[in-house]
Structure formats: structure tokens, C-alpha cells
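**Q** Predicted model follows, preceded by the sequence.
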Amino acid sequence: MRITCPICGERDRREFYYVGDAVALSRPDPDDGDIAWDDYVHNRDNPAGVTRDLWYHEGGCGAWLVVTRNTVTHEVLQTELASDAKEAMA
Amino acid sequence: MRLSGKGLIDRTKPVSFRFDGNVFQGFEGDTVASALMANEVKLVARSFKYHRPRGVMGAGSEEANALLTVGRGAAQDPNVRATMQEIFDGLETRSQNRWPSLHWDMLSVNDLAAPFLGAGFYYKTFMWPKAFWEKIYEPIIRRSAGLGALSGAHNPDRYEKAFAFCDLLVIGAGPAGLMAALTAARAGADVILAEEDRLMGGRLNGETEEVGGMAGADWAAGVVAELEAMPNVRLMTRTTVTGAYDQGTYGALERVAHHLGDRGGRPLECFWRIVAKRAILCAGAIERPVAFQNNDRPGIMTASAVRTYLNRYGVAPGRRVTVFGNNDGVHQTARDLIAAGVHVAAVIDNRRDATDSNDYPVYRGAEVCNSSGRKGLESVTFRSLSGEDKVETDCLAVSGGWNPSVHLTCHMNGRPVWNEAIQSFVPVDGMIPGMTTAGACQGTFSTHGALSEGAAQAIVALDTLGISAKVTDIPKAEDAPYEVAPLWAVGGKGRAWLDFQNDVTVKDVKQAASENFASVEHMKRYTTQGMSPDQGKNSNVAALAVLADATGRGIPETGTTTFRPPYVPVSIASLGAGAQGAGFAPQRFTTSHNVSVDRGAPMIEAGLWYRPSFFPARGEKTWRQSCDREVNMVRNAVGVCDVSTLGKIDIQGPDAGAFLDFVYTNMFSTLKVGRTRYGLMLREDGTVMDDGTTARLGEQRYVMTTTTAAAGPVLRHLEFVHQCLCPQMDVQMISVTEQWAQFAVAGPKARDLLNDLVDDDLADENWPFMACGPIKVLGVGGRLFRISFSGERAYEIAVPARFGESLFGELNRRAEALGGGLYGMEALNVLRIEKGFITHAEIHGRVTAFDIGMERMVSAKKDCVGKTMSERPGLSGADREQLVGLKPVGPVKQLTAGAHLFEVGAAAVRENEQGYTTSVGYSPTMESYLGLAFLRNGRGRHGEEVVMVDHLRDVTARCVVCDPVFFDPEGGRVRG
């Protein structure tokens, strides 16, 4: 598997550390309630199809990436810096 | 029998090798299979289950019968295909799965027991008594069935892994592959051409046909010479592409030195990961055998293999050869044999309209139905409209048609489709993104077709990369249509083999169907057809044709099993190259490592680091004696310990303070420059992640320490928090763990030791507890932190790592002059237990700040990672197991870590469990074992007695519960 780091270019997936769903970017406010926090910390979908998840370029530049990929075809559709994705959410 | 004047072997270079202890001669360019055949050795193996005599069946990597063990001792390599192993002087090979010898094999009795050993016999025969399975049945089965064995010793051979990149990967160097590579290379593309064989050319090396007006093999050699001279081409021979993976990554196994007596420092194998923008699969096709009674005798082989041995190796596989099949290949074989001067006993063609010949007898519409000959073929029986007839023969060349090698196209869930015209499966386009197919692997069986498709696919592939390739002239070549009649299994009694490698017969497949294992996947698992090292390359299509017939379905409806990587067996050693032994866990050494080892300190692992456990002094016989002395030394004089392995993260920027406020439960933005603070870090789910001290070196600069184990995860976490949660913060961080050597100097005389060493006055007014700052150490710029993990007056002194070793030696000399010295991990552990300081033994991933008594460190004034979830019900309160101290008060004075706690008088069973111990040690200071433990409602139970039970070590000790800080609870000593 190959992932294109926006900073370093296309690299082997062994350079990256996989974390999980990019929902981790959407941290609730402290008073958003139990449901919001449970969803944020624990509840994850397991989609057959397009998913967005977080990868850390640990063996490279140290950037966190949002990788949009298809779990059925294994296509990598898009990669972007997590910091850009987070700032775009603001 | 060797034929004169033929073949691609070098007759000026004779080679001698051993097989089963006997010396044989061959020539450079021979495989073990061709050389044994030249020496008229027919019997080379015993079969998997029935121990049937077997000979060479093919000439390529799909070989099902002729598996050998190569080499001796630890490096012996089992199940090597005789058809792939090139001979070299001194090569030693042995046959497998026979005892006491290949010719006299006791277990050939299995063949007589065959009626009881059919499909599913394990499941039916060895049902009861249940206890017999493990002790009796399984060992017997394992001894009697099987192929080669590993030595069981550590493999001393060297293996490698490597990466390669290209515009176009061409897989297979037959006519299609050569043409594809040539077209792309001439267009300037970066090309890799990978070929399993030692010679490029594919079938052209085994046939007599001409290409471009010259011998096919010569044409191939010419193309290879042109490619070799081009800087944009990498030719990889002896390299099998084993799998197709995501984003254009292909696995490939290069057999680097299997053919060399003297490896000259080369690795034995190299496993490649080839990243290709585009790929063209030109994998060719594999000729399939036909099932008939006793079709597994030595001397029965595929027709294409017979031609390969004749034309490429100059070897006649027999003196009177019979050819049997369902396509024109049988006639080509007969012509080649006659041209080589070998007698053709008969050609048996199952097509009624087959062409006749004046050169050899042709039996049209006939089928071979049996064979005889004990350890080698003596005759075959065939059946035609006019009845049965027998022909004396010592070699039978069989062709049931060709199966395209579609394997790689199916590695990402693709399924091939049935093609009626060629009676086989062909790949569907686009099953591997970026890969196309050309030539025989996609059902184009003429040489002209393969050449044109190779060139055309290269042009298409390069076009998608924006490289325009010129149409190359296609050399003139054979373009005959491929005509084949269905021929899978000849009817009749007796056993007819489908899967030679796993001893699966037509009867087994029919039995599976009749017992309702009718889907192809169930049949495979019930009979084990296709589950041997060849993965059904020789048998899959025929087996499912038999299954289709038995179940009354068509072949397309029956479908294929799943093709998975690897295409050929790949040694685990090559996949794991570089990870054997210490390569699996690289060793990290501190700057004091050599000094510690020289002092006789046993080194223990801390993650990848190695740290000294204690420093034995003269006369000390046990580690406890050393540990007790080192603890007393720190409490009474001064001790020196390397703490460089703790993670050190340099954090800088205008928002550094605010950032730390968010990742730590407590405040760091309010910390003064020149001061250090203990910090606690939570995971977002509210459990404790890590702890450590963070020093403020400047307005915008902090240096954080983490535990040794969590250095990597904490940096990753900090980067996550910054980039994913608060990218607006202007802060940067980097690990500096290895840039600094850092030593703890602890004990009442710590300041005395350091005063002469550093340029600053260490008076407490200047350097109070928790102070930090830059300092000169014997003229070298360093840092000093007045922090303590022992409860004594202590400093940690840091210098750039290159000065670490000399500073460590200097500290040691000065400590010894003051009655102190070095201390190791055992003493460090006792010192911190005496003070109730926690490590990851306590913050093991299931405890909260409340559990360790630090809930007040979670600041109410701000949000932080983990704060909201830590406030959930159930994560605090009396029901929680809370950190306590334990001291033994009964007759047993020993405590053990990992033991369970029970109320006095309660049965020591799970239901009554009240908690568990996490760290224990003998404290020479308190003259008692001390333990840290988690106990339900522990903070409310100080003074109460509990029973510690260690079921594993069989230790039961009565203990009193107390505060976890056993020594100097007021903390007077640390302040001086």
C-alpha cells in the first residue's frame, strides 16, 4: 500500500502509523454531553466503502494525515494534512 | 539420455553434484531435473500420502513431484523443485518422505491401504477415542505423510529485502514480456523485466520454432542483449513476482545465490517490493496433465516439459516415447522427438479429426486409460473405438491443454472467467489497477499473438503515463490457431491422479461431491486438492471440471477457488530478512553502556534500551546484596544513575505553555522560567497515559520528560493533539532523547559532588528543589534539574550525548571519593517504592488519576485531554481500587508483584478479590519488604490487614495497608 504524504510525497505504508477514524478531529466541547463524548471516544463505524482515517507519518516528517480511502477497493482517494483538515472545519 | 549437439547448456563446463549420496555429472545450465534425466534417473521422490514412486513431471516452478532437500545441517532447504534448482559443483540433494531409502520405502504400504485413506479419512477414521488423537493418531499421520522437513536449527543463511521503483514492470520474459519490455524501453520508460527462470525467453527456449527468421531462443537472447545495454532497464532473472498488492506494489522473490557454490557474500534470497506505475503480466500458461488410471508413474510428464528437456537441455526423457493429448501440441512433441532421433512409439489424440502422420503412428479418438511399471513407466494401455491396446513405452508426454497463469490478476479479489474456446479460465481486465495482461496468460497461445499483444499493451500502458512509444515491427512468428477438445479425466476403474502433490484422485473429488461437499471451496478443503506447495497449479482446473461433472453443473457455474499470494512458496526468512535475532528488536545503548558492562553490571531490557540492573562489588554474591548496598549508598552518601533513556521532548513556541496546559492535567503556563513541575497526562478516555517532569527553560521553551517506555507514544500523542485538535497553536516539538546524556546524582552528598564540577554555586537559594537551568559542566554547556526520583536531595545533570561517557566516568570517580558510587535499576526501583513514586507498573493503562490519588492534579480551571471522560461515574469513588502501600506483618515476610489481595479469613478465590500488588521490593531503609498495590477503597483502609496470595509462586502473606509513601512522608530530605 502506498500513501502520498503532502509533505514528503508517495511513500510505502510502513512509514506510517495507523490510528483510526478521522472523527478524532471533531473533539466535542466539555459540556456537549455523554452521547457526544461516547461517540467521539468509543463509537466507530466500520464502513464497506469510503472512509476517512488518520495516519501518522512516524517514519517520515511527523505529519498527521487524513487519508480518504475505499475499504472495498483499497483505493486511496485523497490525502491531506490533518492540520489543514482541522482548520477547514473551524 | 543426453543428446549430442542440442540445447542451451554449456558442454565445455561439466558440473558434478550429489543426489541421495551418489555423484552425478551434468553441465552448466542444467537443473537437477535435467541432469538426473540425462543420467537416466527416473525415480526422484515419493508421494505425500501413498508414498507412490514419482518422477519429474514438468520443467518449471509448478513442478508437483520432484521436490528435494538441498544442503545439509542447519541450512538445509526442503521442498526445492528439482526443475528450478540449477546444479553447481558440490551441490548436495536428497529425496524426501521415504524410509529407509527412495527405492525401498517402508511406508509404501500406505499405497495398499489406499481404500481407507481417501478424502476425509482423518475425519471419519480417527474420531474416537478422543484421547488417542493427540498422542497416537496425529504423530503417526505426521510421520507417514508429508514432504521435506526443516532442520529445526537456526538458519545461518543471509537474506535481504529491497525496494525497487519503475514506470513499467513486465512480469515474465517470454515473447509477450520481451516485446513489451523492448517497446517500453525504446520509448525511454524506466522498465523492470522480471523473469522466474535463469534465462529470459520463456517457451522460446524450449521450442524449435523460429522468430524473426532465427531460432526463438536466439531472438530472445538478442532482445535481452539490447535491453541489457539500456540504462533505463533493469533485468531481473531468477525473480518470481509473487503477489500484486495495493497501489501498484508487487512482491517478488529473487533467488540470488541458490545456484552458486561460492556465494561470494551474496544473500541467499532477496525479497523485493517493486512499486510500478504500470505493470504488464506476461506470465504465460501451464500445461495441464490428464487424469487416468496410474497416471503418476515416473516417466509420465507434460508434453511441453518433454520438449523443454529435448530442446533446451539436450536430454531425451525416454527411448520409446508415447504422446497423448487433445491439442496440436502432441504432434509438435512427436516431431521434435523424431527430429532429435528419439523413437515415437505412438501418438494418441483424443480428437477424432486429428491430423495423421507418416512419421509416427497416430491413434485418433483414443485415450490412455492405464499404465504399468513399478518404479518407472513400462507400458501404457489406450482405448479407442476398436477396443483396448497396449504399447511398450518408457515415457509418456501428456497434454490436456493449457491453463493461463491468471494468478496475479486475482490477488485483489478478482475472479477469472471461463473461455470455452481454450477450455480454461482467462483474466478479466482491470482486476489489478494499473496492470494489464498479454500473451498466453490471457489466453493468446500463438507466438505471433503474444509478440503483438506485448507490444500493444506496452504502448497503451506508456500512453497513460504520458510517454509515447513507437509501434515496433513485430517479428515473424508462428500464428497457428489453438484447437483443443475437452479432456479432463479418462473413465475407468482405479485411481487417477489430479493433484499429484497432495495425492488427490478423481475418486476423492467425486466422493466429496457425493458427500455434499459440492462447492469448489468445500471440495478443496475436504480433499486437500490444491492445498500443497504448488497450490493446485497443475490440478485446479481439472479438479473443478471433474467436480462440475459430478455435480451436474457446468465449469463456469462451479467456478474457481481463490488465488492468493504468493504465486510460489516464499521462505519466511526472506520475508523477515533483517529481523532475525537482534534485528527483530534493535538494541539501544546509552553513553554509559560500556562503562556499566565493564563494571560487571548485568544489563536488562527497558523497551529497546539496555540498562544496568546493579553494579556488583567485590564479595557480593547475590543481586540483593548489591541492591541493598546501592540503596543505602544513595540514602547515606551519593549515587549516580544513567537516566538518559527517559524520553526528552523539546517544546517551543509562543503557545507552548497553553499547549502543555491542554495535554497535562495540571497547569504549566504559570510555571516560572527556571523551574520544573511534575505533570500527569491522560488519554482522552480518562485513564492515565504517562507522567514526568517538564522544565521551563525559557518564556517559549519547555523540555518534557516522559517515561522510558512511553517516549515514542507520547511524542505521537503530542503531535496528534497539536495537529489534529489545536493546529492554530504556534508550537513545535521534537524528540531530543538521544541528543542528551542525563545522569541522576542523588543523596545527601549530591551537592558536594556537583559543586566542583559545575560553574554555578549550587546553594539552595540559587538552586532550590525543582529548579532548572543551563549550566557549564567542566566547561561544557549542559543543563541541571533539581528533581528527585529517590526522595533524596538529587540533581539530574545533562550534557550533549558526545560528552556522556566521560561525564559518567567523572561522576563515578567523584561519587566513590565521597563514599558513594553507581546504582542500577534494582536500587532505583527500591528507592522509588520507598517513596511511593509510580511507574508504568502502576499506571498500566487501566487506572485513573483518582486511583493513584492525584485527582486534585486535574485542574478545575481549564479543559485538558481526558478531563471530561475522567469525570464519568465509575472512574472515581469507593468502589475503585486505589493505590496503597503494603507491609508484611505475619510470619511470611516476602511480598510478590502481581499477587491478589483478600480480606482476612476470606477464601482466596476470584469472587473475593479485593485488589492486587503492582511493585514490591526489599527496603534496607525500612528493613522490610514494601509493596505498592491497588486495593478496593484502599485509602479508606489504612491500618487494616489484608492477605496477599500469589497463586503462581505459592506465597501467602498477611499485610497491613498503609500510605504508599513509606519513607520521609514530609519530604524534608529532598529539600535538603
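**A** The structure has been received and is ready for your questions.

**Q** counting contacts, what elements does whichever helix or strand residue B:946 is part of pack onto?
**A** Counting by DSSP states H and E, the element that carries residue B:946 is strand B:945-950. The criterion is 3 or more Cβ pairs under 8 Å, 6 or more residues apart in numbering or on different chains; DSSP states H and E, and the helices and strands that strand B:945-950 contacts are strand B:881-888, strand B:900-903, strand B:928-936, strand B:955-962. For every residue, glycine as well, the C-beta is placed using N, CA and C.

**Q** could I get the ones you listed as TSV with mean pLDDT and distance to chain A?
**A** Rendered in TSV, the data for the helices and strands packed on strand B:945-950 read as follows (pLDDT from 0 to 100; distance: least, Cβ to the nearest Cβ, whole Å):
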stretch	mean pLDDT	distance to chain A
strand B:881-888	98	22
strand B:900-903	98	29
strand B:928-936	98	23
strand B:955-962	98	34
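
**Q** Return the distance of the closest residue in space to residue A:28 that isn't next to it in sequence relative to residue B:875.
**A** Across the structure, with Cβ to Cβ, 6 or more residues apart in numbering or on different chains as the measure, the residue nearest residue A:28 apart from its sequence neighbours is residue A:36 (4.2 Å). With distances defined as Cβ to Cβ, to the nearest Å, the gap from residue A:36 to residue B:875 amounts to 18 Å.

**Q** When those two are compared, which one has more neighbours?
**A** For residue A:36 versus residue B:875, neighbours defined as other Cβ atoms under 10 Å in any protein chain shown are more numerous around residue B:875 (18 against 15).

**Q** could you list every residue that touches the residue lying closest to the more buried one once chain neighbours are set aside?
**A** Nearest in space to residue B:875, with sequence neighbours left out and distances taken as Cβ to Cβ, 6+ apart, is residue B:848 at 4.8 Å. By Cβ atoms under 8 Å, 6 or more residues apart in numbering or on different chains, the residues touching residue B:848 are B:686, B:687, B:688, B:855, B:870, B:875, B:876, B:880.

**Q** Please give the element, helix or strand, for the residue nearest to residue A:28.
**A** Taking DSSP H and E as the definition, one finds residue A:36 inside helix A:34-41.

**Q** Count the residues that sit near residue B:121.
**A** When counting by other Cβ under 10 Å, one arrives at 16 neighbours for residue B:121.

**Q** Can you show me the strands along the stretch 401-550 of chain B?
**A** B:402-404, B:417-419, B:424-426, B:435-437, B:497-499, B:504-505 (DSSP state E, counting those that start in this stretch).

**Q** With mean pLDDT and mean neighbour count added, can I get those strands in JSON lines?
**A** What follows is the strands of the stretch 401-550 of chain B, written out as JSON lines (pLDDT from 0 to 100; neighbours: other Cβ atoms under 10 Å in any protein chain shown):
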{"stretch": "strand B:402-404", "mean pLDDT": "97", "mean neighbour count": "26"}
{"stretch": "strand B:417-419", "mean pLDDT": "97", "mean neighbour count": "15"}
{"stretch": "strand B:424-426", "mean pLDDT": "97", "mean neighbour count": "22"}
{"stretch": "strand B:435-437", "mean pLDDT": "98", "mean neighbour count": "26"}
{"stretch": "strand B:497-499", "mean pLDDT": "97", "mean neighbour count": "30"}
{"stretch": "strand B:504-505", "mean pLDDT": "96", "mean neighbour count": "29"}
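
**Q** will you turn those strands into TSV that also has distance to chain A?
**A** Below are the strands of the stretch 401-550 of chain B laid out as TSV (distance: least, Cβ to the nearest Cβ, whole Å):
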stretch	distance to chain A
strand B:402-404	24
strand B:417-419	20
strand B:424-426	22
strand B:435-437	14
strand B:497-499	32
strand B:504-505	34
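
**Q** and of those strands, who's closest to residue B:178?
**A** Within the strands of the stretch 401-550 of chain B, the stretch nearest residue B:178 is strand B:435-437; the backing value is 15.4 Å (Cβ to Cβ).

**Q** partners of that closest one, with directions?
**A** strand B:269-281 (parallel) (DSSP bridges).

**Q** Grab the CA positions of stretch B:299-314 and hand them over as PDB.
**A** Output in PDB follows, covering the C-alpha atoms of stretch B:299-314 (Å, rounded to 0.1, in the frame of the first residue of the first chain):
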ATOM      1  CA  GLY B 299       8.200 -41.200 -16.900                       C
ATOM      2  CA  ILE B 300       4.800 -39.600 -17.300                       C
ATOM      3  CA  MET B 301       5.200 -35.900 -17.800                       C
ATOM      4  CA  THR B 302       3.700 -33.000 -19.600                       C
ATOM      5  CA  ALA B 303       4.400 -32.700 -23.300                       C
ATOM      6  CA  SER B 304       5.800 -29.200 -23.100                       C
ATOM      7  CA  ALA B 305       8.300 -30.500 -20.400                       C
ATOM      8  CA  VAL B 306       9.400 -33.200 -22.800                       C
ATOM      9  CA  ARG B 307      10.100 -30.600 -25.500                       C
ATOM     10  CA  THR B 308      11.900 -28.400 -23.000                       C
ATOM     11  CA  TYR B 309      14.200 -31.300 -21.900                       C
ATOM     12  CA  LEU B 310      14.800 -32.200 -25.600                       C
ATOM     13  CA  ASN B 311      15.400 -28.700 -27.000                       C
ATOM     14  CA  ARG B 312      16.800 -26.700 -24.100                       C
ATOM     15  CA  TYR B 313      18.700 -29.300 -22.100                       C
ATOM     16  CA  GLY B 314      19.500 -31.800 -24.900                       C
END
